[in-house]
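1. Sequence isn't available, so here's the structure alone:
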């Protein structure tokens, strides 16, 4: 099998954030995560580019992304005290959008740290 | 397009001293000869300055963000910027949030700031924060005087190699220039020591001394043709008797250009805290006879603040003196930083000497093109308190009132009571805008000539100087009215100034193995990509033809 | 935060000849910590690597990490704070009674040996994990350890660092600090950030039933939080962004599948020592990134009426600051 290699990929599984991982992949699945530890290997190999889940669900029904985004915006906008929570397993770029969201809504903002 | 009519213009670079003229701004955000149409601002009876330029401040990066975490009690009591439909919320105070930093600077007419201390390793983070400071333009300086790889080249006497390595670092950090903090001392702090004497080899080296680092960095900055010379925080900051070290350091510049940061902290006599006194006369005299040097005062203002500096050993001393919170962050192979909250009190003789010394330098260095407004924010006080300094500079009477609050035993240790000089508006415009812009080599800032960036501040002339400079009537940034009648109207994104020095392409391969030996991240991930800078204003540097 | 004396991990790699792990199990939870950053590295200052370093593990049980340690100190559960306090006394030569030491599960010889080694180090570093910060005493334990590290600098170079886990939780902490001034537990309900853990922290908010909608991203509180908190999430409109259908997704009104960070979403993540690392995704996801989805939600909300009536300044704004 001919695998493509992404050199110096970064693992975000734990706080070590190792940035020296070589990922061997076939476009759908990562087959080998060189230099990753046992936790990092599981993290990389368990995610695929397959479409395993619906793009979005509203009240359990499959919907388009546009509908889900509009529904989310409507529900959050209607709330008096919305909460924005989590932000561990995501990028800094998304985290900045989350802070902007809480700021825009006048809501609450919190991460795993408070646990 | 904007035409500002009827205002008294203070433009030191063009020698315009309060003449009434029209000022025209085109749609590209530049000053032009004339415009037809567009908005007309009637500035009759008002005072017009080029937008303020802060040559030395700490507003973004790991250290100030550490300080934010350490001071929640201050955030709660301080000025809050309420969210509007278009503008993010923020908090002011000792360590303002990024959004508030932009509002507060623009709110007093400052449109360009220089973040004075960035480790290369935190450059990626610092640029993210700088991008979140709205309205104003930004530059940042890279910490170089304790860098393992660079110091090793200097130890070996490899000047050319050192120059290449430094160029590589500046470009990797997407930096505007070189900052030197306590040369060799922060490196020694990695094992709990300091470097106090300019001619003693630094811990861990056979030959290299702090004095040699100073000479070499000043020379490299000049040889590379950097727009801003070496920006130097001398050894022995804050220590009684440090004037000897400071003068010794200045002598090591050997005629090269240099900017001496927060010189107030380096102008003390005495041999202990009991005898500490101001030695600003001799330091001011040095500046008066050396036009190759500029400085910012690093004024201390009474009240609460949080001190942050790359000078780790000094902060450990301050922690031991105060018993307050202490933050310390040693940055691998490059530098360190320390954070200690502090309250300057008029009743404390040491603080009173510091307060006086900052003002003395501003008053005794004769040429306002050489000495600039700063508090070394947040170290001596917060930047949003600059209008208090302006009032003290413009009114000897007000200074005398302030002096009455000091204990009598401080009077023999300071020179301030003897100084009658009062700054004119033109001199204020020089010290807060034209001078720092020129020292930074920002040719399109700090003046209102045709082709300059249309960064303009309009004040209502008032008897209450502090009120006048705290609350401009209009602030225009790159041709856009960002503040009007005391309210931030727009929060556009400013630019970031970067330099690209000439560099031997082989330097990358030279540094790689040295880097891999002592760092913990991949070499490829270390340089900040140019694409990460949102609005870069890039200048290629060439060595001056004469060198 | 009461202060922290710390460093980046490269300083540990370069200089730390004495390393304590306290209440953490790096061998199983941060498997490359030893090899990449701490005990196994050789450096200019510690050329023999492992031989030049001493490693101490303090924990309530002998985990796999104990095998890597030179010294394992088994502290009695819930007695970390007492042990740290005893160390703070002993480094300053203050008297400590035998029975107080015995209460921690250790004997005087072991504790005094530790103090001697700490003071004899050229560069000491203490890493502390959830076994310290999430057990009896919680943040008081962390504060005590950080104080011990600060006080050790009267004798030699010493630093401390939390062993943060949970992916990019450090990034969230760093970004919230620069944008709001606070690291977590924030309320914007007055139009500007306020901070009060215990009031604005999520478990407390949910258990009290204080929020009327929830946006959950990069976390699965439906699997980890106390039942009353989960019950409230099910009562209110909850929106989840996650690469998987999670426990929280199942009780949510809206679930949006997103690309996992670092695998198929680009961006940045912060290491535990607050250094940012760029991500290099290998796969192309059929799903959008978190960043894109949250931005689009923000844009959709921005089109709706703003919640403050005029969006203008309030009486709090632009008042002069009193700072004395």
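-> All right, it came through fine. Bear in mind the structure is a predicted one, so any value in this text is a computation, not a measurement.
2. Chain B contacts on chain A?
-> By Cβ under 8 Å from any Cβ of the partner chain, the part of chain A that sits against chain B consists of A:7, A:8, A:10, A:19, A:20, A:92, A:100, A:103, A:104, A:106. Any C-beta I mention is one placed from the backbone N, CA and C, and that applies to glycine too.
3. What's the ChimeraX syntax to select whichever of the residues you listed are buried?
-> In ChimeraX, this line selects whichever of the residues of chain A next to chain B come out buried by 16 or more other Cβ atoms under 10 Å in any protein chain shown:
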select /A:8,10,19,20,92,100,103,104,106
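4. Out of the residues of chain A next to chain B, list just those in helices.
-> When DSSP state H is applied, those are split such that A:92, A:100, A:103, A:104 fall in helices.
5. The third one against residue C:189, yeah?
-> Spelled out, it's residue A:103. No - Residue A:103 lies out of contact with residue C:189 (Cβ atoms under 8 Å); the separation is 11.1 Å.
6. Please identify the residues of the stretch 1-150 of chain C in proximity to chain B?
-> Looking at chain B, the residues of the stretch 1-150 of chain C close enough under Cβ under 8 Å from any Cβ are C:1-11, C:13-15, C:36-37, C:43-44, C:122-123, C:150.
7. Show me the strands in the stretch 151-300 of chain C, by range?
-> C:157-162, C:186-187, C:194-195, C:213-217, C:238-242, C:254-257, C:267-270, C:276-279 (DSSP state E, counting those that start in this stretch).
8. I misspoke; the intended subject was the stretch 401-547 of chain B.
-> For the stretch 401-547 of chain B, the strands identified by DSSP E, counting those that start in this stretch occupy B:456-460, B:474-477, B:480-484, B:487-488, B:496-501, B:536-541, in order along the chain.
9. Pass me the low-pLDDT residue ranges in the stretch 251-400 of chain B, would you?
-> Counting by pLDDT under 70, the stretch 251-400 of chain B contains no low-confidence residues.
10. all strands for it, in order.
-> B:258-260, B:268-269, B:277-278, B:293-296, B:303-309, B:326-331, B:335-344, B:371-372.
11. What count of nearby residues applies to residue B:417?
-> Counted by other Cβ atoms under 10 Å in any protein chain shown, the residues lying close to residue B:417 total 13.
12. correct me, but it touches residue B:403?
-> Yes - under the contact definition of Cβ under 8 Å, residue B:417 touches residue B:403, with a separation of 5.9 Å.
13. Quickly list what's touching both of the two.
-> Among the neighbours of residue B:417, those also in contact with residue B:403 (Cβ atoms under 8 Å, 6 or more residues apart in numbering or on different chains) are residue B:411.
14. So chain A: which segments form each domain?
-> Using automatic domain parsing, the domains assigned to chain A come out as A:4-46, A:56-114.
15. Kindly compare burial across the ones you listed and name the winner.
-> Neighbour counts (mean count of other Cβ atoms under 10 Å in any protein chain shown) averaged over each of the domains of chain A peak at domain A:56-114, with a mean of 22.
16. and it, how far out from the chain's middle?
-> The gap between where domain A:56-114 is centred and where its chain is centred comes out at 13 Å by Cα atoms, centre = their mean, to the nearest Å.
17. Between the two ends of that domain, how far is it?
-> Taking Cα to Cα, to the nearest Å, the first and last residues of domain A:56-114 lie 29 Å apart.
18. and if you look at stretch A:61-69?
-> 14 Å.
19. do stretch B:146-161 as well
-> Looking at stretch B:146-161, the gap from its leading to its trailing residue is 16 Å under the measure Cα to Cα.
20. Which helix or strand contains whichever residue of the stretch 1-150 of chain C sits closest to chain B?
-> Nearest residue of the stretch 1-150 of chain C to chain B, counting by Cβ to the nearest Cβ: residue C:10, 2.7 Å away. Assigning secondary structure by DSSP states H and E places residue C:10 in helix C:9-15.
21. what sits up against that helix?
-> Under Cβ under 8 Å, 6+ apart, the answer for helix C:9-15 is B:121, B:190-191, B:330-333, B:518-520, C:19, C:36-38, C:41, C:43-46, C:122-123, C:125, C:157, C:159, C:161, C:271-273, C:275.
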